[in-house]
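Undergrad: Return a 3D structure for these sequence lines:
(chains A and B)
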Amino acid sequence: MSTPAADVNPVHKAVLRLQTVLLDTILIASLLLMGELQWVAFSGRRGSTGLLMPAEEILKILDYGVLTLVAFVIATAWNLFYRDIGCSPGRAWVRGEPPWERDLPWQHTLRGWFLALFVEFSFFTGWIITEVNLATFLTKFGKAWDIIRGLLHPSGAVLDQGLILLVQTVFLAFMATAFAIPIAFFVSFLAARNLTRQSLTFRLTYTVVRTIMNFVRAVEPLVWALIFISWVGIGPFAGVLALWIASIASLAKLYSESIESIDTGPMDAIAATGASYLQVLRYGVVPQIIPPFLSFTIYRWDINVRMSTIIGFVGGGGIGYILKPRVDLGEWGEVGTLVLLIAITVWLMDLISAKIRERIV
Amino acid sequence: MSATAPLPAPQEAVRIEHLGKTFPSGVRALDDVSITVREGEFLVVLGLSGSGKSTLLRCINRLIDPSDGRVFIFGTEITALTGSALRAMRRRIGMIFQQFNLVKRHSVLDNVLSGALGRGHMVRSLFLSFTPDEVAFARSCLQRVGLLDRASERADRLSGGQQQRVAISRALMQRPEIILADEPVASLDPALRHSVMRHIEALNREEGMTVICSLHDIDLVRRYASRIVALKAGRLVWEGQPEHLDASTFREIYGEDAEPASNSSVEEEP
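TA: Numbering: from 1, shown residues only, chains lettered A, B, ... in the order given. Okay, here's the model as predicted:
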């Protein structure tokens, strides 16, 4: 390599080589597989039903093993002869572009053409797999019109029940947020990097807490709702619990990020007076984070109101609970009423929370 | 006006022995620094920014843990203390910062009261509650710096010079024997510098508090110091009385290209 600080460590060098070839193999194999998928789709091959093969069926018959092997051979060859044919994408990613290719436009490098082809193949493959059908989209509007007409002519039949459940929705969201605050508050101190540096125990706690929070956030509130419905039964309490878990994870992340961005000067000043660590947190940290905490909390309540509608669909209480059967029955007028109620509430919450946050910050 | 107060038998307040600090980044901020400060001195630490002045002051009250060497406060090795013994020692050392480091959203009075955190009741202090005695003392501390009428205002409403005076009364609230001042006037308007420095001087002259203060403005150094130590790249390069600080010494500390801060008074003085 031409870089002056060439690696002398052979193990490190081998690891880099392996990374390069592995990355290239993955890229080339993906390209080949997407190519085969398009080839089969456009070749007019017929599937088991006698019709043109749908994407799901094509995905089952692709030559994964062979093409990965071929890709591996190509990747290895490319990295052996990269001086003559141009740097491979994996090599450029892992070790940086070679200097002689650095200023070339993409059309002048093999890597550039490879990536261009990759983007193009991704687009067409996506088109086939997601069954994009412009003709139906542009010609079959009729059925959808019934729904829109219903929404535009809301019926008063569900207004009373809707309003009552709307109150339930707002309070459901409120309780979920309120229960989440103390736990998220406590957890956020453990999940803030600048407060968890002093010892190994703290750093370990930080990692564990962050990992758990990331996992909890990765699971949709809808899934939490299903879990809690089987735990405490159908009803608003299950919704409260589902949104509570989701709120803890999301608030803890936002809280800890605002702790990480505080000015550490006051912490030093308080520590210098001979105060204990708890006092340093109380005087040096807490006053600085109260405005962003309030702001995030109100924002979260706002999000929870929106989410509780969807939670209601699966039985978590709130207005979504009576919306679902009416959608299934095609009572579009009643659906229209409920959707309007939700829209107005969400709009109001949004407005109020924005105004309050403006004042605090 | 002689700068050194005529003390009968000046005891040692701070003794720094072979202090060194290497940061995790590999920067050697302090290297083999040894200084002894006698009780009642006004010691000025001189040096360019990045010369290790801040690190030195923070090693004295252990806001930074030194990598090697020892620091003694009134004969007790603070570098060997931990937990409540360390906190008890910190109570005796007030600190003033360049950026004031007040709790901006708290009132001026609450900021001063936070100086009493080390001796107060732990649980009670978490609710911002203090005894009437402490509140009365906090008000007298504010009176000393002339800000009693601003006691209930939010700290960030005050000007920079006023905030630094609040920080001084917070340090006073500790009833300290030593004051560490890290560039106390560097972020203030030049016209306001003396108003803050005079308050620090008063603590030194009237209360007999030992002051260790980092400064870089040559005029201030000559006006307030009773003794000077100079740091360059983490090493002690000069030590002496303010009247011995001449132009060549100045260039030695600040490098060949440096000009004495304001006018050429450096050479004219005896």
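Undergrad: drop to CA atoms for contacts and neighbour counts, all remaining ones
TA: OK.
Undergrad: what's the spacing between residue B:29 and chain A?
TA: Distance, residue B:29 to chain A, using C-alpha to the nearest C-alpha, to the nearest Å: 19 Å.
Undergrad: Need the pLDDT of that residue.
TA: pLDDT, residue B:29: 91.
Undergrad: Also the one 5 residues further on?
TA: Residue B:34 carries a pLDDT value of 93.
Undergrad: Check residue A:74 too.
TA: 94.
Undergrad: Can you name the residues of chain B that neighbour chain A?
TA: B:61, B:63, B:86-91, B:93-97, B:99, B:101-106, B:114-118, B:122, B:125-126, B:171, B:174 (C-alpha under 8 Å from any C-alpha of the partner chain).
Undergrad: from those residues, which ones fall inside strands?
TA: B:93, B:94, B:95, B:96 (DSSP state E).
Undergrad: For the residue in the stretch 101-250 of chain A that chain B sits nearest to, which three-state class applies?
TA: Relative to chain B, the nearest point of the stretch 101-250 of chain A is residue A:198 (11.5 Å; C-alpha to the nearest C-alpha). Under DSSP: H, G, I helix; E, B strand; the rest coil, residue A:198 falls in the coil class.
Undergrad: element containing residue A:305, please.
TA: helix A:286-313 (DSSP states H and E).
Undergrad: Quick check: residues of the stretch 151-300 of chain A near chain B?
TA: A:265-266, A:268-276, A:279, A:282-284, A:287-288.
Undergrad: now these: which count as buried?
TA: Among those, the ones that count as buried by 16 or more other C-alpha atoms under 10 Å in any protein chain shown are A:265-266, A:268-276, A:279, A:282-284, A:288.
Undergrad: What residues sit buried inside the helix holding residue A:305?
TA: Neighbour-count burial for helix A:286-313 flags A:286, A:288-313 (criterion: 16+ other C-alpha under 10 Å).
Undergrad: what sits up against the helix or strand immediately after that helix in the chain?
TA: Following helix A:286-313 in sequence order, the next helix or strand is helix A:320-329 (DSSP H and E). Helix A:320-329 is contacted from outside by A:162, A:308-315, A:332, A:334-335, A:338, using C-alpha atoms under 8 Å, 6 or more residues apart in numbering or on different chains.
Undergrad: and helix A:320-329, C-alpha only, in PDB?
TA: Output of helix A:320-329 as PDB, limited to C-alpha atoms (Å, rounded to 0.1, in the frame of the first residue of the first chain):
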ATOM      1  CA  GLY A 320     -59.300   3.000  18.400                       C
ATOM      2  CA  TYR A 321     -61.300   0.300  20.100                       C
ATOM      3  CA  ILE A 322     -64.600   1.300  18.500                       C
ATOM      4  CA  LEU A 323     -62.900   2.400  15.300                       C
ATOM      5  CA  LYS A 324     -61.800  -1.000  14.300                       C
ATOM      6  CA  PRO A 325     -65.100  -2.800  14.100                       C
ATOM      7  CA  ARG A 326     -66.600   0.000  12.100                       C
ATOM      8  CA  VAL A 327     -63.700  -0.100   9.600                       C
ATOM      9  CA  ASP A 328     -64.300  -3.900   9.300                       C
ATOM     10  CA  LEU A 329     -68.100  -3.400   8.700                       C
END
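Undergrad: Let me know the next secondary structure element after that helix.
TA: With secondary structure assigned by DSSP H and E, helix A:320-329 is succeeded by helix A:332-360.
Undergrad: Report all helices and strands that that next one contacts.
TA: For helix A:332-360, the packing partners by 3 or more C-alpha pairs under 8 Å, 6 or more residues apart in numbering or on different chains; DSSP states H and E come out as helix A:142-152, helix A:159-190, helix A:286-313, helix A:320-329.
Undergrad: nearest to residue B:227, of these?
TA: Closest of those to residue B:227 is helix A:286-313, at 38.7 Å (criterion: C-alpha to C-alpha).
Undergrad: What's the per-residue pLDDT of the residue nearest to residue A:47 when sequence neighbours are not counted here?
TA: Counting by C-alpha to C-alpha, 6 or more residues apart in numbering or on different chains, residue A:47 lies nearest to residue A:53, which is 4.6 Å off, once chain neighbours are set aside. Listed pLDDT for residue A:53 reads 80.
Undergrad: Tell me which stretches of the stretch 101-250 of chain B form strands.
TA: Here the stretch 101-250 of chain B has its strands, by DSSP state E, counting those that start in this stretch, at B:178-182, B:210-215, B:227-232, B:235-240.
Undergrad: which ones are touching the closest residue to residue B:135 other than its chain neighbours?
TA: Nearest residue to residue B:135 in three dimensions, chain neighbours excluded: residue B:113, at 6.9 Å (C-alpha to C-alpha, 6+ apart). Residues near residue B:113 by C-alpha under 8 Å, 6+ apart: B:130, B:134, B:135, B:138, B:170, B:173.
Undergrad: hmm, try it at 7 Å
TA: B:135, B:138, B:170, B:173 (C-alpha atoms under 7 Å, 6 or more residues apart in numbering or on different chains).
Undergrad: What confidence value was assigned to the last one?
TA: Among the per-residue scores, residue B:173 holds a pLDDT of 93.
Undergrad: quick one, what contacts it?
TA: Contacts for residue B:173 (C-alpha under 7 Å, 6+ apart) come out as B:112, B:113, B:115, B:116, B:138, B:141.
Undergrad: Can you lay out the helices and strands packed on helix A:332-360 as JSON lines showing distance to residue B:182 and mean pLDDT?
TA: What follows is those, written out as JSON lines (distance: least, C-alpha to C-alpha, whole Å; pLDDT from 0 to 100):
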{"stretch": "helix A:142-152", "distance to residue B:182": "68", "mean pLDDT": "81"}
{"stretch": "helix A:159-190", "distance to residue B:182": "29", "mean pLDDT": "92"}
{"stretch": "helix A:286-313", "distance to residue B:182": "23", "mean pLDDT": "88"}
{"stretch": "helix A:320-329", "distance to residue B:182": "61", "mean pLDDT": "86"}
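Undergrad: out of the ones you listed, nearest to residue A:343?
TA: helix A:286-313 (9.1 Å).
Undergrad: Mind giving me the packing neighbours of the closest one?
TA: Packing partners of helix A:286-313 (3 or more C-alpha pairs under 7 Å, 6 or more residues apart in numbering or on different chains; DSSP states H and E): helix A:159-190, helix A:236-260, helix A:320-329, helix A:332-360.
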